[in-house]
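>>> Return a 3D structure for these sequence lines:
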Amino acid sequence: MAKKDAAKKSENAEKKSNGKAEEQAVPSFNVLAQYIKDFSFENPNSPRSLAPQEKTPDININVNVNANPLSETDFEVELHLEAKAGEEKDVMFSAELVYAGVFRLENIPQEALHPAVLIECPRLLFPFARQIISDATRNGGFPPLMIDPIDFAGLYQQRLMEQQIKENVAKS
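Numbering: from 1, shown residues only. I've put the predicted structure just below:
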């Protein structure tokens, strides 16, 4: 008897007033636009910096991700990349890029929205930003800088932990 009631409830739940099966909202993730928002490449010590060097310069790369809601479903996501070769007065090159995209995320569960915006969106932007930095360093007279793949999930987790620490410090 209980099986019949459960089957009947399930059947009734699937029916709409017109008798068609109720459609579930399918999650969707679309890239609406991608673009260079800000870009700078400096070769401050040229032509001296282009001469053969005694040692390989230290290359520092910083990555940051920011997101701004544009509407309930649309988000602008910015991938900030900074690359610098050399130190202080011996800087060989410095590149700064803000590469952005506008993404539409519909029917994404609320608990998955924040990670999708801050992990999946920059993951899609990264190959394009990487290519821009690579081309700029090559066009600046240096070997192309090929930035290693970035673990955006790890970056997201690190950012969450930093926020929790700040909140705990503020509470005490």
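>>> Which helix or strand contains the nearest residue in space to Asn30 that is not next to it in sequence?
Leaving aside its sequence neighbours, Asn30 sits nearest to Arg104 (C-beta to C-beta, 6 or more residues apart in numbering; 4.5 Å). C-beta: built from backbone N, CA, C; applies to glycine. Taking DSSP states H and E as the definition, Arg104 sits inside strand 93-106.
>>> Mind listing what's buried along that strand?
Across strand 93-106, burial judged by 16 or more other C-beta atoms under 10 Å covers Phe93, Ser94, Ala95, Glu96, Leu97, Val98, Tyr99, Ala100, Gly101, Val102, Phe103, Leu105.
>>> Could you pull up the mean pLDDT of that strand?
Across strand 93-106, pLDDT averages out at 97.
>>> lowest-pLDDT helix or strand in this structure?
Least confident helix or strand, the chain: helix 2-14 with a mean of 45, by mean pLDDT, DSSP states H and E.
>>> Could you list the low-pLDDT ranges of the protein?
Within the chain, the stretches with pLDDT under 70 are 1-24.
>>> Show the contacting residues for the residue positioned nearest the centre of it.
Central residue of the chain (C-alpha atoms, centre = their mean): Pro122, 1.7 Å from the mean position. Residues near Pro122 by C-beta atoms under 8 Å, 6 or more residues apart in numbering: Val65, Val77, Leu79, Ile150, Phe152.
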